[in-house]
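**Student:** build me a model from this:
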Amino acid sequence: MSDKKRLPIRVLIADDEAEVRDAYRQILCEADMNSETTVFHNLRDRLFSKSGPDQLAKKLPPSGTAFAPVFCEGAEAAVAAVREALAADDPFAVAFLDMRMPPGPDGVWAAARIRELDPAIEIVVCTAYSDVDPRDIGAMVPPEEKLSYLQKPFHPHEIRQMTISLASKWRSEHRIVKLAYFDALTGLPNREQSRNRLNSALAAAKQHQRMLAVLYLDLDNFKRVNDTLGHAVGDELLCLVAARLRGALRAEDVVDEFPSARSSHIARLGGDEFIVILPNVRSADDAAGVAARLIAELQEPMRLALHTLVVTPSIGVAMFPADGVEVDILLRNADLAMYFAKRKGPGMFAFFDASMNEAALHRFTLEGKLRGALERGEFTLHYQPQFDVRTGGISGMEALLRWTNDELGVVPPAEFIPVAEETGLILSIGEWVLRSACLQAKSWIDEGLPVARMAVNVSGQQFVLKDFPQLVAAVIQETGLDASMLELEITESVVMKDEAWAEQALAQLKEQGVMLAIDDFGTGYSSFGRLRHFAVDRLKIDRSFMTSLIDCSDDRAIAAAIIAMSRSLRISVTAEGVETFPQLLFLQEHDCHEAQGFLFSRALPAADAHKLLRRAVDTEAGTRTQRLRSLIG
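**Tutor:** As a prediction, the model looks like this:
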């Protein structure tokens, strides 16, 4: 605060007489103002108080306050100076405007236009005419509390003290406004101020019948930065992002009254969310170009004090008037578009379209119904059998989550599981799945049914929890299931996201005797060299290879290589998504261990799965083909 007080006070003086401007200059620059000074000798009688010639002979005492005056000789030049100061983000605190400045407009005209440009500036109208009523001027240049009136003749001390007093008031108000309307971390306008500015930009766009774009920007995976490197690094990153946004936004992107005041069109809404207002775009292509440039700028490595980070933003774009004519609608639609851009992948942008509203409404409905679904008992488990293609018998069951809601009906897992993961509900749901599957497996085993293992899928959010291995151990102990009968399926992408933790967690699980499988193998970071570091019992070949197995020689070669390499590493292989006999024959020819898919059986409710297992007991005799036909019909 003290540093700000020591900054020079920016003062604008507009007077048509050069001698008067020189007098102001000497007053504000604390020159030696004695009666022998020519300027004061000539102006003393009509500018300053006639009772003070002896005082004028004295030096003005030093005030400890510095001034930075700018001088204009006319009203129009004063308005231009205010405009330039705002564009340079260096506004005036006080303006002294002479009432009469012939041959151009007068001081009241200048005051009215300056007030339109800068509502915060303190304006002083100076006049030698006693018949001028300050109330009349105040009505023309509201608000009255930010307009002062000074009648000539006046004393030099009045100028300096009025300047200091009004500047102090201006600075106090400026600090209050900054706290209320600006983000303390980045210095950008905050949510409230961004709404005000968007509202003003919309009013101008409506008046001039021009287009406007709102860009809603969110940093991908910013939470991970806070969680792993700390909030101090996260704050440092946000400040650098704000600086990058200021630098990347060009003057032509925000053509309006102040082409250079680009930072006023950027705001931080909170967290890692920002918006950019483009108040004068010619087409959606212009907005797309700006979005692409902002993404490219932010994707450049960011060098912080102790780290170098690469972040990617997702941007949603909403256009006025096509996507809305009100502030709330435009912001909501830009936010929706950002959400869809994030789903496309990191570092992408998307324009809003009407279908997003329907999708978003469906998504919000899903989330609302999903909350409390566990307590209402709406979840069930279905069980898909896994077959040993070498013997024709059932080798295991995979527990698959199903959700049936009274209003929504049966909701496909592909719809509700991503929502559960995004909201964090997957943690409680996943624990319920694990416990329920173990209880069911224990029940079937106690009944003497041929269940060699129960496979349970583990979400990425579950797996990264440091106490996940302890949770598994607790569930095994609680349900009484032998640990070797439980197989946890973890996707390849989750394992490779944090290899150090994956190696540690898998080792802890393996120590308990749990079986471990890598799901969707072959679609992402496949590396048999890396697999050697993990305690893995099984690979599950992704169904995409099965779909194109017959038509694509490359996929046949990849599938055959996975099977062969797994055999050499003594890792079992299960093929997912087997739907045709030619696919089954291929797996048998390459000595694949197991398969599952609609060719054998869909996922079954517990009662139907029980019947299948009972049938398996009755068909132990016969050849492999006979057993398969008996089981799958």
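**Student:** show me the contacts for L366.
**Tutor:** Residues near L366 by CB atoms under 8 Å, 6 or more residues apart in numbering: L408, V411, E415, F416, V419. For every residue, glycine as well, the C-beta is placed using N, CA and C.
**Student:** of those residues, select the buried ones using a ChimeraX command.
**Tutor:** This is the ChimeraX syntax for the buried subset of the contacts of L366, where burial follows 16 or more other CB atoms under 10 Å:
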select :408,411,416,419
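**Student:** can you tell me which of the contacts of L366 lies nearest to Q26?
**Tutor:** Of all those, V419 has the smallest distance to Q26: 72.0 Å, by CB to CB.
**Student:** can you give me the pLDDT of the closest one?
**Tutor:** What the model reports as pLDDT for V419 is 91.
**Student:** check which element follows the least confident helix or strand in the chain by mean pLDDT along the chain.
**Tutor:** Lowest on mean pLDDT, DSSP states H and E among the helices and strands of the chain sits helix 53-56, with a mean of 43. Downstream of helix 53-56, the first helix or strand assigned by DSSP states H and E is strand 67-72.
**Student:** pLDDT of the next helix or strand after that following strand, averaged?
**Tutor:** Once strand 67-72 ends, the next helix or strand along the chain (criterion: DSSP H and E) is helix 75-87. Confidence over helix 75-87, taken as the mean pLDDT, stands at 92.
**Student:** and for stretch 374-382?
**Tutor:** Averaging pLDDT along stretch 374-382 yields 96.
**Student:** and it, how far apart are its ends?
**Tutor:** Length of stretch 374-382, first residue to last, CA to CA, to the nearest Å: 16 Å.
**Student:** which element is I275 on?
**Tutor:** Residue-wise, I275 maps onto strand 273-281 under DSSP H and E.
**Student:** give the partner strands of that strand in its sheet and their orientations.
**Tutor:** Partners of strand 273-281 in the sheet, by DSSP bridges, are strand 211-219 (antiparallel), strand 266-270 (antiparallel).
**Student:** just the strands from the stretch 251-400 of the chain, written as ranges.
**Tutor:** 266-270, 273-281, 302-303, 308-309, 313-320, 349-351, 379-388, 394-405 (DSSP state E, counting those that start in this stretch).
**Student:** contact partners of the fourth one?
**Tutor:** Spelled out, that is strand 308-309. The set of residues external to strand 308-309 that reach it, using CB under 8 Å, 6+ apart, is V225, L237, P301, M302.
**Student:** my guess is the third one contacts V310, does it?
**Tutor:** Right, P301. Yes. Using CB atoms under 8 Å, P301 is in contact with V310, at 5.3 Å.
**Student:** show me the shaky parts of the stretch 1-150 of the chain.
**Tutor:** 1-6, 30-64, 129-136, 138-139 (pLDDT under 70).
**Student:** without its sequence neighbours, what residue ends up closest to A80?
**Tutor:** For A80, ignoring the flanking residues on the chain, the nearest one in space by CB to CB, 6 or more residues apart in numbering is C72 at 8.0 Å.
**Student:** contacts only, for P189.
**Tutor:** Y181, F182, D183, R197, S264, I266, A267, R268.
**Student:** go on, G74?
**Tutor:** By CB under 8 Å, 6+ apart, the contact set of G74 is A14, D16, M101, G104, P105.
**Student:** please repeat the previous calculation with a cut-off of 10 Å.
**Tutor:** G74 makes contact with A14, D15, D16, A80, D98, M101, P102, P103, G104, P105, D106, A110, according to CB atoms under 10 Å, 6 or more residues apart in numbering.
**Student:** let me have those in CSV, extended by secondary structure and distance to D220.
**Tutor:** Formatted as CSV, the contacts of G74 follow (DSSP: H, G, I helix; E, B strand; the rest coil; distance: CB to CB, whole Å):
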residue, secondary structure, distance to D220
A14, strand, 51
D15, coil, 56
D16, coil, 59
A80, helix, 44
D98, strand, 57
M101, coil, 56
P102, coil, 62
P103, coil, 61
G104, coil, 55
P105, coil, 53
D106, coil, 57
A110, helix, 50
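**Student:** report the central residue of the chain.
**Tutor:** D218 (2.0 Å; CA atoms, centre = their mean).
**Student:** is that residue in a bridge, and if so with what?
**Tutor:** Per DSSP bridges, the residues bridged to D218 are E273, S314.
**Student:** how many neighbours does L549 have?
**Tutor:** L549 has 23 neighbouring residues, counting by other CB atoms under 10 Å.
**Student:** surely K466 and D498 touch.
**Tutor:** No. Counting by CB atoms under 10 Å, K466 stays clear of D498, with 11.4 Å between them.
**Student:** shared neighbours of these two, which are they?
**Tutor:** Contacts common to K466 and D498, judged by CB under 10 Å, 6+ apart, are Q504, A505.
**Student:** those two: who's more crowded?
**Tutor:** Neighbours were counted for K466 and for D498 using other CB under 10 Å; D498 has more, 15 against 9.
**Student:** ok, and the closest non-adjacent residue to the more buried one?
**Tutor:** Leaving aside its chain neighbours, D498 sits nearest to V464 (6.8 Å; criterion: CB to CB, 6+ apart).
**Student:** wait, what's in contact with the one you found?
**Tutor:** By CB under 10 Å, 6+ apart, V464 lies in contact with V494, K497, D498, W501, A502, A505.
**Student:** quick check, nearest of the residues you listed to H590?
**Tutor:** Using CB to CB, V494 comes nearest to H590 of these, at 27.3 Å.
**Student:** surely the closest one meets G460?
**Tutor:** Yes. The pair V494 / G460 is scored as a contact, 4.2 Å apart, by CB under 10 Å.
**Student:** could you list the low-pLDDT ranges of the protein?
**Tutor:** Low-confidence segments of the chain (pLDDT under 70): 1-6, 30-64, 129-136, 138-139, 250-264, 522-533, 620-623, 633.
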